[in-house]
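Q: Below are the sequence and a predicted model; questions follow.
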Amino acid sequence: MLLIDCPFCGPRAEIEFRCGGESHIQRPGPHTEVSDAEWADYLYNRENPKGEHRERWFHAAGCRRWFNAARDTVTHRFRVTYKMGEACPEAGESAVSEAAPGAVAGGVI
Amino acid sequence: MSGWRLKAAGRVDRGARISFTWAGRTLHGHPGDTLASALMANGVSIVGRSFKYHRPRGLLAAGLEEPNAIVQLETGAVAVPNVKATQIELYEGLVANPVNAKPSAEFDLLAANSMFKRFIPAAFYYKTFMWPNWHWFEPAIRKAAGLGNAPEGVDPDSYDHRFAHTDIMVVGSGAAGLAAAIVAAKGGEKVLLVEADAELGGGLLAEPSEIEGLTAIAWRDRMLAALSGMPNVTVMNRTMAFGFYDHQLVGLCERMTDHLPPHQRSGPRQRLWKVRAKRAILATGAFERPMAFARNDLPGVMLASAAQTYALRYGVAPGRRIVVATNNDSAYQAAFALHDAGVGIAAIVDSRARGGDAIAGAAARGIRTIMDSAPVKAKGRRRVGGVVVAAVADGKASESIACDIVLMSNGWNPAVHLHSQSGGSLAFNSSLEAFLPSKSVQAAVNVGAAAGIFDLDAAIASGRAAGQDDAVAAPLPASVGPTLHFADGDARAGTAWVDFQNDVTAGDVQIAARENFRSVEHLKRYTTLGMASDQGKTSNVTGIHMLSNLLGKAPQAIGTTKFRPPFDPVTIGGFAGRAVGENLMPIAQSAAHASALAAGAKMENYGSWLRPACFPRAGEDEHVAVAREVLAVRGQVGLFDASPLGKIEVKGPDAAEFLQRVYVNGVRNLKVGRCRYGLMLSEHGIIYDDGVFAKIAEDHYLVGTTSGHAAAIADTLQEWLQCEWTDLKVLVENVTTGWAVMNVAGPKARAVLEAIGTEIDLSRDAFPHMAYREGLVGGVPARIQRVSFSGELSYEISVPWNYGRALWDAMIQAGAPHDIVPFGVEALMALRIEKGFLHVGSDTDGTTMPQDVGFGGAVAKKPDDFIGRRSTMTPEGRRVDRRQLVGLETLDTGGAFECGAHILASETKGIGATQGWVTSSVQSPTLGRPLAMALIERGTARIGETVQVWDLGKGRPARIVDPRFYDPAGEKLDG
Ligand SMILES: [Zn+2]
């Protein structure tokens, strides 16, 4: 069970959250000008990387707010969590909330 | 062999006696015994039968790695199947039976399997019983190859869940673990020390050597005393760390009452802990490896360390004349302990050319040592009578030694399970022939035997280093002697057991290698090696060695199978915790629940709600009751508790704009005080929900949803606002359970509401259909919507939840002069089918779009985008042969159609291509004939056409019709 650092509540157990999948997906529009291919891409095509994945999470049993996270799909390490609408802080950049030490699963001890 | 009590009692209290029942016999033991040690003390040598071949088996181990002594503990509802006798603390009145033994472990009818052993090798089942059909053979095979029986009845025990956080968790209370905990605690951090055993101390409980000038037990006691004086330390015994999960989470199973007689147990039986530890120190010890020689599964062949534990901890010896076979020094300690306790040691057979330091101890005691040698065959019929020894160099038998016990030690495997589960890697150490923990990826460190550090002083040093977060030194150089492998094809390999619990032999491993199942994961699946409830604790690495030897490939390249939690079986009840029975899912009840029950409601579950299905009177079945309720609503007036209807407040300057993007229907032109029916789609264009929304004020809407969807819709609206349309100023709140809703419907509905008394003008012109009003009703602040799912004059009156029952009661009273009748969900469904009203989820499925249910025009008319709109415009959405919702009439006297029955073209003979299916069906009380709704290809254009409804092998004639069966002009809406 992951330990997820909600930007509003701090580190909490995964059972309080729901993952909403890949984040930063732009909804195309207006509907009259979107091609079938663009729409299908928006609905179905996802990155599925081996490595860092930017995804959105909902703190359903907590503050009930959505936020973004950069999580490694191999190590499950959360590099950073950040608020909706914000760009993902690059590695080394000061983030809204760096993952708490207890949440770090990636580093080699 | 026959076990017996030694003079020295070890950790067992000889002053007290415990009676217990084994396989129907009453036996005696002492406090401190396990069932296993007590059985050994009573001379029981056959403790079970093997899984496939029903071979007699004795104790192999003394700990949780035991593969043979699998028992059924207790009977009835408190029975626990498949527990290891080595893990059961003896208590007064304990009842246990061997599993997989019919009628008894001593005499087993299915032991004939054993004679056919050479015909049932690896993958026998795959190869033989696949033709013609595995299912013909399965029942008999399952019966023959099985373990314990499921408990009878519902588990009477309760189980708890706890969460905890700690700075440092130490797993294992042996020398390394205790040393680590003390040092860690001195820094002031929170320390949690967990031990699976009832008694703390791990290997120290059977350790003959001294530590820092004290006996092992005295040293342990000093450590425990120090820990008990530290307020930042928590020590938990009977608590097994069974899993190491992501982000420093360790799962613990605490056994609270299992060690007590059933009648003395109270409170939760077990607690499942989820603990986040900032740092974990794994002092989980090691498992000794057996040797694979012919007939090594005879009762009397044991692990050397197990015999040492039985002797020193439990004061019991397995036999009287013992041969010890080893490839390392540790088994010498077992031999010395037994010898010093008065047990005869016939010889120590050592595969090394020269022994280690311990050989001096053998000489001092006059114990014979046979070097460069290993056992090749155990002799005896039902128990060990001797052992044949061969030279390691050529495998040629050199002598046969009479004995009643063979102890074996083929080296040690660190218990790397938790380390591996945490993501840590393993490296094969060729001098120890074992996989040792290599890199950790979480904040976890291995100490002591778990790290391959078998020397006691070094293990303590490693614990102390880890305790203060220093690096742990590498293990001292040590090596084990060679292993005598049977040549590929040697018939003796077929009786040389590798996996005792799952009956896998060296011969089976050879077959797998020969047939190219050479990946370790394939070896496991093909032979079942390591698959049993012990997950190969005594067998996996031995199997890997053999495969390595057969393939000429290094063990590191072969690797291990994945270590998965749980480390040791955990009761399913522990995982379930309190979430069983009525706690599994909270069931919601209306505020008027008690009044509905008093009115004779027949309650049923609808989603998460318990609701009246109908209100049958004396002598009525459900069918008759529903018909009466429908006719009452049509004829005079009925009362329906609609409280579960979803209610979501949407408020803010952009509320209209937001809902305009949510609904298929237009929202902007709705006036304050008016309601509108709306459809919501998923972004895939599929109908997701429907309901009525009301405009309370310019910036305030009340969104109605179906009863099952309220929470999901509220979440969906939140997601759109927080993630997509972050610029809109709107607040969304689910107030479903804030308001109780009573629906009064029928020609007399207005009269009933007037009788209760309200300040709201109910006249037809002042309060028209699809209007919303607020005001006092019976003195209570209420929201009223004039909406109708029945087609009759109908009001939905919402009052604060706690007034719900009072409003219900007032309605029943005020409606009495008009013969008001309470009606349930089933009557409402009949009423809406008579009107041809859509029910989302019944008349729609995961493919239904708005254009399929008559909303194509509404979509076309709306200029703006809304959720799912673009998906309705795809080639799939524009397909001309889409299934559309229509009505169906029967053309025979066969009664109502079955929901789900398929629609076939009228000319089809027999089974043909489906054109759709029946979605709703009822015998209409009002119209006196069967009515149905169906999704049918091009249905709207085919109204009037005759089709077949295929049901239970017969086609019935039906006509496609307009689904508005009753009052199509809506003349009844005004009462
Ligand atoms: Zn939160």
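A: On my side now, so go ahead. All figures in this text were calculated on a predicted structure; none of them were measured in a lab.

Q: What are the boundaries of the strands in chain A?
A: Here chain A has its strands, by DSSP state E, at A:3-6, A:10-13, A:18-22, A:52-58, A:66-72, A:78-83, A:97-98.

Q: mean pLDDT lowest for which of those?
A: Among the strands of chain A, strand A:97-98 carries the lowest mean pLDDT, at a mean of 42.

Q: and the strands of chain A as JSON lines, adding mean neighbour count and distance to B:Leu227?
A: C-betas here are computed from N, CA, C, even on glycine. Listed next are those as JSON lines, based on neighbours: other C-beta atoms under 10 Å in any protein chain shown; distance: least, C-beta to C-beta, whole Å:
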{"stretch": "strand A:3-6", "mean neighbour count": "22", "distance to B:Leu227": "28"}
{"stretch": "strand A:10-13", "mean neighbour count": "16", "distance to B:Leu227": "29"}
{"stretch": "strand A:18-22", "mean neighbour count": "14", "distance to B:Leu227": "41"}
{"stretch": "strand A:52-58", "mean neighbour count": "20", "distance to B:Leu227": "40"}
{"stretch": "strand A:66-72", "mean neighbour count": "23", "distance to B:Leu227": "38"}
{"stretch": "strand A:78-83", "mean neighbour count": "21", "distance to B:Leu227": "35"}
{"stretch": "strand A:97-98", "mean neighbour count": "16", "distance to B:Leu227": "35"}
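
Q: Need the contact partners of stretch B:478-494.
A: B:117-118, B:121, B:291-294, B:326-328, B:350-353, B:374, B:376-377, B:390, B:392, B:395, B:410-411, B:431-433, B:454-455, B:496, B:505-507, B:510, B:513-514, B:545-546, B:549-550 (C-beta atoms under 8 Å, 6 or more residues apart in numbering or on different chains).

Q: B:Val748 and B:Glu207, how far apart?
A: Wrong residue type there; residue B:748 is Lys, not Val. Counting by C-beta to C-beta, to the nearest Å, the gap from B:Lys748 to B:Glu207 is 89 Å.

Q: Count the residues that sit near the nearest residue to B:Met169 once chain neighbours are set aside.
A: Spatial nearest neighbour of B:Met169, excluding adjacent residues (C-beta to C-beta, 6 or more residues apart in numbering or on different chains): B:Ala277 at 3.6 Å. Using other C-beta atoms under 10 Å in any protein chain shown, B:Ala277 is surrounded by 26 other residues.

Q: Is it correct that B:Ala277 is in contact with B:Ala184?
A: No. Taking contacts as C-beta atoms under 8 Å, B:Ala277 lies outside contact range of B:Ala184: 11.0 Å.

Q: intersection of neighbour lists for these two?
A: By C-beta under 8 Å, 6+ apart, the residues touching both B:Ala277 and B:Ala184 are B:Ile168.

Q: Please indicate which of the contacts of stretch B:478-494 are buried?
A: B:117, B:121, B:291-294, B:326-328, B:350-352, B:374, B:376-377, B:390, B:392, B:410-411, B:432-433, B:454, B:496, B:505-507, B:510, B:513, B:545-546, B:549-550 (16 or more other C-beta atoms under 10 Å in any protein chain shown).

Q: want to throw the strands of chain A into CSV with distance to B:Thr560?
A: As requested, those are arranged in CSV below (distance: least, C-beta to C-beta, whole Å):
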stretch, distance to B:Thr560
strand A:3-6, 28
strand A:10-13, 30
strand A:18-22, 31
strand A:52-58, 29
strand A:66-72, 24
strand A:78-83, 29
strand A:97-98, 35
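
Q: Let's have those strands in JSON lines, adding distance to chain B.
A: Formatted as JSON lines, these follow (distance: least, C-beta to the nearest C-beta, whole Å):
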{"stretch": "strand A:3-6", "distance to chain B": "4"}
{"stretch": "strand A:10-13", "distance to chain B": "7"}
{"stretch": "strand A:18-22", "distance to chain B": "7"}
{"stretch": "strand A:52-58", "distance to chain B": "6"}
{"stretch": "strand A:66-72", "distance to chain B": "4"}
{"stretch": "strand A:78-83", "distance to chain B": "9"}
{"stretch": "strand A:97-98", "distance to chain B": "15"}
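
Q: Now render the ones you listed as TSV, adding distance to the ion.
A: Listed next are the strands of chain A as TSV, based on distance: least, C-beta to the ion, whole Å:
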stretch	distance to the ion
strand A:3-6	3
strand A:10-13	7
strand A:18-22	12
strand A:52-58	9
strand A:66-72	8
strand A:78-83	10
strand A:97-98	11
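
Q: following the strand or helix carrying B:Met742, which helix or strand comes up?
A: Using DSSP states H and E, B:Met742 maps to strand B:739-745. Using DSSP H and E, the helix or strand that follows strand B:739-745 in sequence is helix B:749-756.

Q: Now do that following helix: which elements does it pack against?
A: Under the contact definition 3 or more C-beta pairs under 8 Å, 6 or more residues apart in numbering or on different chains; DSSP states H and E, helix B:749-756 sits against strand B:794-800, helix B:804-815.

Q: What residues of stretch B:644-664 count as buried?
A: Those would be B:644-652, B:654-664, for stretch B:644-664 by 16+ other C-beta under 10 Å.

Q: so, in contact with chain A or not, it?
A: No. Residues of stretch B:644-664 are not located near chain A by C-beta under 8 Å from any C-beta of the partner chain, the shortest gap being 10.2 Å.

Q: Span of that stretch from start to end?
A: Taking C-alpha to C-alpha, to the nearest Å, stretch B:644-664 runs 24 Å from one end to the other.

Q: how far out from the middle of the chain is it?
A: 39 Å (C-alpha atoms, centre = their mean, to the nearest Å).

Q: Ok, stretch B:593-603 next?
A: On C-alpha atoms, centre = their mean, the centre of stretch B:593-603 falls 36 Å from that of its chain.

Q: Contact partners for the residue in the stretch 801-950 of chain B that the ion sits nearest to?
A: Nearest to the ion, among the residues of the stretch 801-950 of chain B, is B:Ile867, at 25.4 Å (C-beta to the ion). The contact partners of B:Ile867, taken as C-beta under 8 Å, 6+ apart, are B:Arg661, B:Val662, B:Met680, B:Leu681, B:Ser682, B:Glu683, B:Trp720.

Q: which residue sits closest to residue 63, ignoring its sequence neighbours?
A: Since no chain was named, I'll use chain A. Once flanking residues are discounted, A:Cys63 sits nearest to A:Phe8: 4.6 Å by C-beta to C-beta, 6+ apart.

Q: hmm, I had chain B in mind actually
A: B:Thr86 (5.7 Å).

Q: isn't the one you found right up against B:Leu64?
A: Yes. With contact defined as C-beta under 8 Å, B:Thr86 reaches B:Leu64; the gap is 6.7 Å.

Q: So if I had to pick from the two, which one is more boxed in?
A: Neighbour totals were compared for B:Thr86 and B:Leu64, and B:Thr86 leads with 24 against 18 (other C-beta under 10 Å).

Q: rewinding a little: going by secondary structure, the residue nearest to B:Met169 is in what exactly?
A: Assigned by DSSP H and E, B:Ala277 belongs to strand B:270-282.
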